[in-house]
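Q: sequence first, then the predicted structure:
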Amino acid sequence: MPKPTAPIVSAIAPMPDPRVGLKAGRWDAAQAGWNMRMISTTPPTGKALGATHSDLAFSGNYTVMGNYNGFEIFDISNPAKPVLAQQYFCPASQNDVSVYRNLIFMSSESTNSRTDCGFDGVPDPVSKERVRGIRVFDIADIKHPKLVTTVQTCRGSHTHTVVTQPGDDNNVFIYVSGTAGVRSADEVPGCTDGGIDDPNSARFRLEVIKVPLRTPAQAAIVSSPRIFNDLPVPPKSTERDASDTRDREAAAAAAAAAARAAGQEPPAGRGGRGRGGPPPAPSGPNQCHDITVYPELGLAAGACAGLGLLLDIHDPAHPVRLDAAADANMSFWHSATFSNDGTKMLFTDEWGGGGQPRCRDTDKKEWGADALFTIENNKLKFHSYYKLPAAQTVFENCVAHNGSLIPVPGREIMVQSWYQGGVSVFDWTDIDHPKEIAYFDRGPVDGTRMVMGGSWSAYWYNGVIVSSEIARGLDIYELVANGNITENELAAAKTVKMPYFNPQDQQKLVWAPSFPLVRAYVDQLARSNGLAAETIAAARTTLTNAERRSGAERRAALTQLASQLKAAEGAARDQAKVSTLAAAVTDLANALR
């Protein structure tokens, strides 16, 4: 691995964009960074080498990284030198992982997944040896994970979401998003296929698993709410469909030319549909790809292929659909993130399924992007799109994928993976004008053909950004202070410490009273000219002097500053932010009693 590149640090994005035209290479690709520094990169080893690396979860000082051969646990106490604590092999896809206390939950959807976690596959079309659902592991002893139980589901588990219920310390729930075909009842009793009018169909329903934390071996499906009933057929973009058709035809022609050059017969076309009878009538989505829950607000957002759903989860075993959003520019609603106050919503569009180049200079910015909404009276209202602004090559799979909020107080800042488009950090506080403020990218894995790679997931966790790189392993980054995000804002973000983090189980970010928190608000007012310059200068001086004092003198100085800020609020351009600042100063004064 080459030494990480030194990032460009500036308030204005460098031009020309250094991400364009980076040299290819699996281990020695060229790099580009802006306001973001790579701390470490840890390549995969053993049976994890060559496997597709998937999603991440976090517990204490550990990060759990799924891959199609199992999962790995890294100790990231020192993010500059992650230590591999455990490798557990259990082939399946996608092997997405979540963590709660001493338990790991892992999704399985592929047909080769065995009850004994072996690598021999399951050759029989119907077999009791096959696992498609949720595996539950006990990791009380990190060095010796134990498979506790497996909950089989009718459509497997492509992804899943751990759902906590405020006030319930005895159980967690799991929402299973299974996108495969319905399994035979001979393999899993009770599984039947059928249309929207069939009440017994395994389609058009969400499977909810209840996990008793003291006896996780008793985990079982407790409900199957039909939240997909009566959804409309998703709208289509004829322009995008035509683009997809051209790409398929070009790929087929290239494959045929390569075969002829090798003296082989060109691959046969797909021909007909392979079944008799007319095609099924179009319907709305019958499953979600990802569901993000926000238990403190009693809300969930389902990214459900053709539509985005808003759900009421006050009773987590029985979610209720509140609204459904449609958008012809969205090809495949993939994942979702709430703003911290729950008034905004971000949905990603995984146009092309993650394995296609969808960030080319010929691709519209509205396709394969993030769609930003406000939540108004339990309804989703569209505002704008955000897409990675740097064009990528035809050899780089690139589209919107997984990310999370960065806990900068008073702002909505997101870090997000874009596969071989790299990692992008953007501010969507102004929901109508999202803006990139940092990034890190590598060149393609291969410069002559499409080879899967890039960041599958990129999440902020306790002060750093952790990324699962499909081909290259575990990457860890840090943001560098600049004109878009100050040292005080980063220091305030680092005061938010989580005991665990599953990105699809969104926790409310809370900032304890601190000098970095107060200074972060001051910096924001200075950036926006939301408060008179002389008042800002005076506040900074007072904060510096107060921090040097102690006891009653410190409290008195802060109390007086809070009063002065309240007095200045009426004449300020940003009265709401000044009010927030004054309250933060008051909280800090009171915290020192």
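A: Looks like it came in fine.
Q: from here on, contacts and neighbour counts on C-alpha atoms
A: Noted.
Q: show the average pLDDT along the longest helix that the chain contains.
A: Selection of the longest helix in the chain by residue count, based on DSSP state H, yields helix 238-261. For helix 238-261, mean pLDDT rounds to 90.
Q: who are the packing partners of that helix?
A: Counting contacts by 3 or more Cα pairs under 8 Å, 6 or more residues apart in numbering; DSSP states H and E, helix 238-261 packs against no other helix or strand.
Q: next, the buried residues of it.
A: Across helix 238-261, burial judged by 16 or more other Cα atoms under 10 Å covers 240, 252, 256-257.
Q: for stretch 352-363, same thing?
A: Applying 16+ other Cα under 10 Å to stretch 352-363 flags 352-360 as buried.
Q: could you do stretch 109-119 as well?
A: Quick answer for stretch 109-119 (16+ other Cα under 10 Å): 109-115, 117.
Q: do stretch 478-489 as well
A: Quick answer for stretch 478-489 (16+ other Cα under 10 Å): 478-482, 484-489.
Q: in helices, which of those appear?
A: Those of those lying in helices (DSSP H): 487-489.
Q: now these as CSV including distance to Asp141 and pLDDT?
A: As requested, these are arranged in CSV below (distance: Cα to Cα, whole Å; pLDDT from 0 to 100):
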residue, distance to Asp141, pLDDT
Glu487, 38, 98
Asn488, 38, 98
Glu489, 37, 98
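Q: ok, so of those residues, who is nearest Phe373?
A: Glu489 (25.1 Å; Cα to Cα).
Q: if we can go back for a sec, the buried residues of stretch 478-489 into a markdown table, with extra columns for distance to Arg214?
A: Output for the buried residues of stretch 478-489, formatted as a markdown table (distance: Cα to Cα, whole Å):
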| residue | distance to Arg214 |
| --- | --- |
| Glu478 | 37 |
| Leu479 | 39 |
| Val480 | 43 |
| Ala481 | 44 |
| Asn482 | 47 |
| Asn484 | 46 |
| Ile485 | 44 |
| Thr486 | 44 |
| Glu487 | 43 |
| Asn488 | 42 |
| Glu489 | 40 |
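Q: returning to what we had before: can I get the ones in helices among the buried residues of stretch 478-489 in TSV including distance to Gly21?
A: Below are those laid out as TSV (distance: Cα to Cα, whole Å):
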residue	distance to Gly21
Glu487	31
Asn488	34
Glu489	33
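Q: secondary structure class for Lys47?
A: The three-state assignment at Lys47 reads helix, by DSSP: H, G, I helix; E, B strand; the rest coil.
Q: need the contact list for the nearest residue to it once chain neighbours are set aside.
A: Leaving aside its chain neighbours, Lys47 sits nearest to Asn69 (7.0 Å; criterion: Cα to Cα, 6 or more residues apart in numbering). Contacts for Asn69 (Cα atoms under 8 Å, 6 or more residues apart in numbering) come out as 47-48, 51-52, 89-92, 95.
Q: neighbour-wise, which of the residues you listed leads?
A: Asn95 (30 neighbours; other Cα atoms under 10 Å).
Q: which SSE is the nearest residue to Thr63 once chain neighbours are set aside in?
A: In this structure, Thr63 finds its nearest non-sequential neighbour in Phe74, 5.4 Å apart by Cα to Cα, 6+ apart. Element membership of Phe74 [criterion: DSSP states H and E] is strand 70-75.
Q: hmm, back to that, what's the closest of the ones in helices among the buried residues of stretch 478-489 to Asp315?
A: For those, the nearest to Asp315 is Glu489 (36.2 Å; Cα to Cα).
Q: list the buried ones in stretch 221-240?
A: 221, 223-229, 231-232, 234, 240.
Q: cool, stretch 76-95 as well?
A: For stretch 76-95, by 16+ other Cα under 10 Å, it's 76, 79, 82, 84, 86-95.
Q: ok, now which ones touch Tyr143?
A: Quick fix: residue 143 reads Lys, not Tyr. 85-86.
Q: so what pLDDT did it get?
A: 92.
Q: where in the stretch 251-400 of the chain is pLDDT low?
A: Applying pLDDT under 70 to the stretch 251-400 of the chain flags the ranges 268-280.
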